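> I need the structure of the sequence given here:
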Amino acid sequence: MSFEDLKNQYSICTKCLELCTSRTQVVFGSGKKDSKILLIGEAPGANEDKQGIPFCGMSGEILNQLLASNKLSREDLFITNTILCRPKDNRQPAKNEVENCRERLDQLINIMQPKVIVTIGNFATERILNKTGIKSIRGKIFEININNQNIKVVPVIHPASYLYSGRNPEMLQQMQKDFSVVSQIVAEKKTQKSLGEYNNINP
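I've put the predicted structure just below:
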(Lines give C-alpha, C1' and ligand atoms only; values in the text may rest on other atoms or scores of the structure.)
Protein backbone atom coordinates (compact mmCIF):
# COMPACT_ATOMS: atom_id res chain seq x y z
CA MET A 1 0.00 0.00 0.00
CA SER A 2 1.24 3.47 -0.88
CA PHE A 3 1.19 6.54 1.35
CA GLU A 4 -1.64 8.09 -0.65
CA ASP A 5 -3.65 4.86 -0.62
CA LEU A 6 -3.39 4.73 3.17
CA LYS A 7 -4.40 8.37 3.49
CA ASN A 8 -7.39 7.92 1.19
CA GLN A 9 -8.51 4.79 3.01
CA TYR A 10 -8.57 6.48 6.41
CA SER A 11 -10.05 9.75 5.20
CA ILE A 12 -13.43 7.99 5.26
CA CYS A 13 -12.81 5.73 8.27
CA THR A 14 -15.91 4.93 10.36
CA LYS A 15 -14.44 2.47 12.91
CA CYS A 16 -15.12 4.77 15.89
CA LEU A 17 -18.77 5.84 15.79
CA GLU A 18 -18.42 8.43 18.56
CA LEU A 19 -15.40 10.05 16.88
CA CYS A 20 -17.25 10.17 13.58
CA THR A 21 -19.83 12.43 15.22
CA SER A 22 -17.32 14.64 17.05
CA ARG A 23 -14.87 15.21 14.20
CA THR A 24 -15.07 17.72 11.36
CA GLN A 25 -12.57 15.74 9.33
CA VAL A 26 -9.91 13.05 9.63
CA VAL A 27 -6.55 14.67 10.40
CA PHE A 28 -4.17 12.21 8.73
CA GLY A 29 -0.98 14.21 9.21
CA SER A 30 1.22 16.80 7.57
CA GLY A 31 4.78 17.32 6.43
CA LYS A 32 7.27 15.42 4.33
CA LYS A 33 5.76 12.03 3.61
CA ASP A 34 9.11 10.39 2.82
CA SER A 35 10.87 11.90 5.85
CA LYS A 36 12.96 9.67 8.09
CA ILE A 37 11.64 11.59 11.13
CA LEU A 38 8.14 10.77 12.34
CA LEU A 39 6.47 12.72 15.16
CA ILE A 40 3.46 11.13 16.84
CA GLY A 41 1.13 13.09 19.12
CA GLU A 42 -2.08 12.16 20.92
CA ALA A 43 -5.18 13.32 19.03
CA PRO A 44 -6.38 16.35 17.07
CA GLY A 45 -7.72 19.30 19.06
CA ALA A 46 -10.24 21.90 17.95
CA ASN A 47 -7.83 23.86 15.73
CA GLU A 48 -6.39 20.69 14.20
CA ASP A 49 -9.87 19.33 13.52
CA LYS A 50 -10.85 22.57 11.81
CA GLN A 51 -7.70 23.03 9.71
CA GLY A 52 -6.81 19.39 9.11
CA ILE A 53 -3.22 19.87 10.33
CA PRO A 54 -1.71 18.36 13.49
CA PHE A 55 -0.23 20.78 16.03
CA CYS A 56 -1.48 23.97 14.39
CA GLY A 57 -2.67 25.66 17.60
CA MET A 58 -0.73 27.00 20.57
CA SER A 59 0.94 23.63 21.17
CA GLY A 60 2.02 23.73 17.55
CA GLU A 61 3.66 27.12 18.06
CA ILE A 62 5.70 25.67 20.93
CA LEU A 63 6.59 22.63 18.83
CA ASN A 64 7.79 24.89 16.03
CA GLN A 65 10.00 26.77 18.51
CA LEU A 66 11.47 23.52 19.83
CA LEU A 67 12.25 22.34 16.32
CA ALA A 68 13.74 25.68 15.29
CA SER A 69 15.96 25.78 18.38
CA ASN A 70 17.56 22.58 17.08
CA LYS A 71 17.77 23.59 13.43
CA LEU A 72 14.78 21.49 12.40
CA SER A 73 11.48 22.48 10.82
CA ARG A 74 8.13 20.90 10.05
CA GLU A 75 9.24 20.62 6.42
CA ASP A 76 11.91 18.14 7.56
CA LEU A 77 9.50 15.64 9.11
CA PHE A 78 6.04 14.14 9.17
CA ILE A 79 3.61 14.65 12.04
CA THR A 80 0.62 12.48 12.86
CA ASN A 81 -1.31 11.41 15.96
CA THR A 82 -2.10 8.21 17.83
CA ILE A 83 -5.71 8.64 16.65
CA LEU A 84 -6.79 10.72 13.67
CA CYS A 85 -10.10 12.14 14.86
CA ARG A 86 -10.90 14.72 17.51
CA PRO A 87 -12.56 13.31 20.66
CA LYS A 88 -15.50 15.32 21.98
CA ASP A 89 -14.46 18.11 24.38
CA ASN A 90 -10.82 17.12 23.79
CA ARG A 91 -11.11 14.14 26.13
CA GLN A 92 -8.36 11.54 26.16
CA PRO A 93 -8.60 8.80 23.53
CA ALA A 94 -10.34 5.62 24.67
CA LYS A 95 -8.47 2.30 24.49
CA ASN A 96 -10.72 0.97 21.74
CA GLU A 97 -10.10 4.13 19.70
CA VAL A 98 -6.34 3.68 20.01
CA GLU A 99 -6.74 0.04 18.96
CA ASN A 100 -8.95 0.97 16.00
CA CYS A 101 -6.19 3.28 14.75
CA ARG A 102 -3.37 0.82 15.52
CA GLU A 103 -3.22 -0.79 12.09
CA ARG A 104 -3.17 2.61 10.38
CA LEU A 105 -0.18 3.78 12.42
CA ASP A 106 1.64 0.48 11.91
CA GLN A 107 1.06 0.75 8.17
CA LEU A 108 2.28 4.35 8.12
CA ILE A 109 5.50 3.36 9.89
CA ASN A 110 5.96 0.47 7.46
CA ILE A 111 5.49 2.75 4.46
CA MET A 112 7.67 5.61 5.71
CA GLN A 113 10.36 3.46 7.36
CA PRO A 114 11.54 6.32 9.61
CA LYS A 115 14.95 6.27 11.26
CA VAL A 116 13.68 8.09 14.35
CA ILE A 117 10.23 8.36 15.93
CA VAL A 118 9.46 11.14 18.40
CA THR A 119 6.57 10.23 20.69
CA ILE A 120 4.95 13.37 22.06
CA GLY A 121 3.36 12.80 25.44
CA ASN A 122 2.22 9.73 27.34
CA PHE A 123 -0.34 8.34 24.89
CA ALA A 124 2.01 8.17 21.92
CA THR A 125 4.82 6.86 24.11
CA GLU A 126 2.69 4.08 25.53
CA ARG A 127 1.41 3.22 22.05
CA ILE A 128 4.91 2.84 20.56
CA LEU A 129 7.04 1.78 23.54
CA ASN A 130 4.42 0.31 25.86
CA LYS A 131 5.87 2.56 28.57
CA THR A 132 4.31 5.25 30.73
CA GLY A 133 5.73 8.00 32.92
CA ILE A 134 6.91 10.44 30.29
CA LYS A 135 8.73 12.63 32.83
CA SER A 136 11.10 9.80 33.78
CA ILE A 137 11.91 8.62 30.25
CA ARG A 138 11.78 11.87 28.27
CA GLY A 139 14.81 12.59 26.10
CA LYS A 140 16.10 9.02 26.31
CA ILE A 141 16.79 6.91 23.25
CA PHE A 142 15.01 3.58 22.88
CA GLU A 143 15.66 1.18 20.03
CA ILE A 144 12.81 -0.94 18.73
CA ASN A 145 12.34 -3.25 15.78
CA ILE A 146 9.29 -2.78 13.59
CA ASN A 147 8.90 -4.86 10.45
CA ASN A 148 12.55 -5.94 10.71
CA GLN A 149 13.68 -2.34 10.82
CA ASN A 150 15.61 -0.84 13.73
CA ILE A 151 14.13 2.50 14.75
CA LYS A 152 15.26 4.90 17.45
CA VAL A 153 12.45 6.34 19.57
CA VAL A 154 12.73 9.50 21.65
CA PRO A 155 9.83 10.31 24.01
CA VAL A 156 9.28 14.01 24.72
CA ILE A 157 6.93 16.00 26.93
CA HIS A 158 3.83 17.31 25.17
CA PRO A 159 3.98 21.06 24.45
CA ALA A 160 0.58 21.41 26.13
CA SER A 161 2.24 20.49 29.44
CA TYR A 162 4.47 23.53 29.06
CA LEU A 163 1.43 25.73 28.47
CA TYR A 164 -0.37 24.23 31.48
CA SER A 165 2.71 24.93 33.61
CA GLY A 166 2.34 28.65 32.94
CA ARG A 167 5.25 28.51 30.46
CA ASN A 168 7.76 27.38 33.05
CA PRO A 169 11.21 28.36 31.65
CA GLU A 170 12.92 25.35 33.22
CA MET A 171 10.48 23.00 31.50
CA LEU A 172 11.13 24.73 28.18
CA GLN A 173 14.88 24.20 28.62
CA GLN A 174 14.27 20.52 29.33
CA MET A 175 12.14 20.20 26.23
CA GLN A 176 14.76 21.94 24.09
CA LYS A 177 17.35 19.52 25.44
CA ASP A 178 15.13 16.55 24.59
CA PHE A 179 14.72 17.76 21.02
CA SER A 180 18.49 18.22 20.76
CA VAL A 181 18.70 14.43 21.16
CA VAL A 182 16.53 14.10 18.06
CA SER A 183 18.69 16.51 16.06
CA GLN A 184 21.82 14.60 17.13
CA ILE A 185 20.35 11.34 15.85
CA VAL A 186 19.47 13.01 12.55
CA ALA A 187 22.99 14.42 12.25
CA GLU A 188 24.49 10.99 12.93
CA LYS A 189 22.29 9.39 10.28
CA LYS A 190 23.32 12.03 7.73
CA THR A 191 26.99 11.44 8.55
CA GLN A 192 26.60 7.68 8.19
CA LYS A 193 24.84 8.14 4.84
CA SER A 194 27.56 10.49 3.60
CA LEU A 195 30.29 8.07 4.64
CA GLY A 196 28.47 5.22 2.94
CA GLU A 197 28.17 7.18 -0.29
CA TYR A 198 31.85 8.18 -0.06
CA ASN A 199 32.92 4.54 0.44
CA ASN A 200 30.84 3.46 -2.52
CA ILE A 201 32.55 6.06 -4.69
CA ASN A 202 36.00 5.33 -3.26
CA PRO A 203 36.21 1.58 -2.60
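
> average pLDDT across the longest strand anywhere in the chain?
Taking DSSP state E as the criterion, the chain has its longest strand at strand 149-156. Throughout strand 149-156, pLDDT has a mean value of 94.

> list the helices and strands that strand packs on?
strand 116-120, helix 122-129, helix 134-137, strand 142-146, helix 169-201 (3 or more Cβ pairs under 8 Å, 6 or more residues apart in numbering; DSSP states H and E). Every residue, glycine included, has its C-beta placed from N, CA and C.

> residue ranges with poor pLDDT in this protein?
191-203 (pLDDT under 70).

> could you list the buried residues of the strand or helix carrying Leu38?
Assigned by DSSP states H and E, Leu38 belongs to strand 37-41. Across strand 37-41, burial judged by 16 or more other Cβ atoms under 10 Å covers Ile37, Leu38, Leu39, Ile40, Gly41.

> what do you get for stretch 115-133?
Neighbour-count burial for stretch 115-133 [16+ other Cβ under 10 Å]: 115-129, 131.

> not counting its own residues, what contacts the helix or strand that contains Glu97?
Using DSSP H and E, Glu97 falls within helix 95-100. Residues outside helix 95-100 that contact it (Cβ atoms under 8 Å, 6 or more residues apart in numbering) are Lys15, Cys16, Leu19, Thr82, Ile83, Cys85, Pro87, Phe123, Arg127.

> quick one: residues in contact with stretch 138-152.
106, 109-110, 113-117, 128-129, 131, 153-157, 174, 177-178, 181, 185.

> let's see the distance spanning that stretch from one end to the other.
Using Cα to Cα, to the nearest Å, one end of stretch 138-152 lies 13 Å from the other.

> what subset of the contacts of stretch 138-152 is buried?
109, 114-117, 128-129, 131, 153-157, 174, 178, 181, 185.

> count of residues packed around Thr21?
Applying other Cβ atoms under 10 Å, we find 9 residues neighbouring Thr21.

> same check on Ser30?
Neighbour tally, Ser30, other Cβ under 10 Å: 18.

> beta partners for it?
When bridges are called by DSSP bridges, Ser30 pairs up with Ile79.

> residue contacts, it?
Ile53, Pro54, Arg74, Phe78, Ile79.

> one more pass at 10 Å, please.
Glu48, Gln51, Gly52, Ile53, Pro54, Phe55, Cys56, Arg74, Leu77, Phe78, Ile79, Thr80 (Cβ atoms under 10 Å, 6 or more residues apart in numbering).

> so of these, which ones are in helices?
Using DSSP state H, the subset of the contacts of Ser30 located in helices is Glu48, Gln51.

> could the contacts of Ser30 be laid out in JSON lines, adding neighbour count and distance to Asp5?
Shown next, in JSON lines, are these (neighbours: other Cβ atoms under 10 Å; distance: Cβ to Cβ, whole Å):
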{"residue": "Glu48", "neighbour count": "24", "distance to Asp5": "23"}
{"residue": "Gln51", "neighbour count": "16", "distance to Asp5": "24"}
{"residue": "Gly52", "neighbour count": "16", "distance to Asp5": "19"}
{"residue": "Ile53", "neighbour count": "19", "distance to Asp5": "21"}
{"residue": "Pro54", "neighbour count": "30", "distance to Asp5": "20"}
{"residue": "Phe55", "neighbour count": "26", "distance to Asp5": "25"}
{"residue": "Cys56", "neighbour count": "22", "distance to Asp5": "25"}
{"residue": "Arg74", "neighbour count": "21", "distance to Asp5": "24"}
{"residue": "Leu77", "neighbour count": "21", "distance to Asp5": "21"}
{"residue": "Phe78", "neighbour count": "22", "distance to Asp5": "16"}
{"residue": "Ile79", "neighbour count": "24", "distance to Asp5": "20"}
{"residue": "Thr80", "neighbour count": "24", "distance to Asp5": "16"}
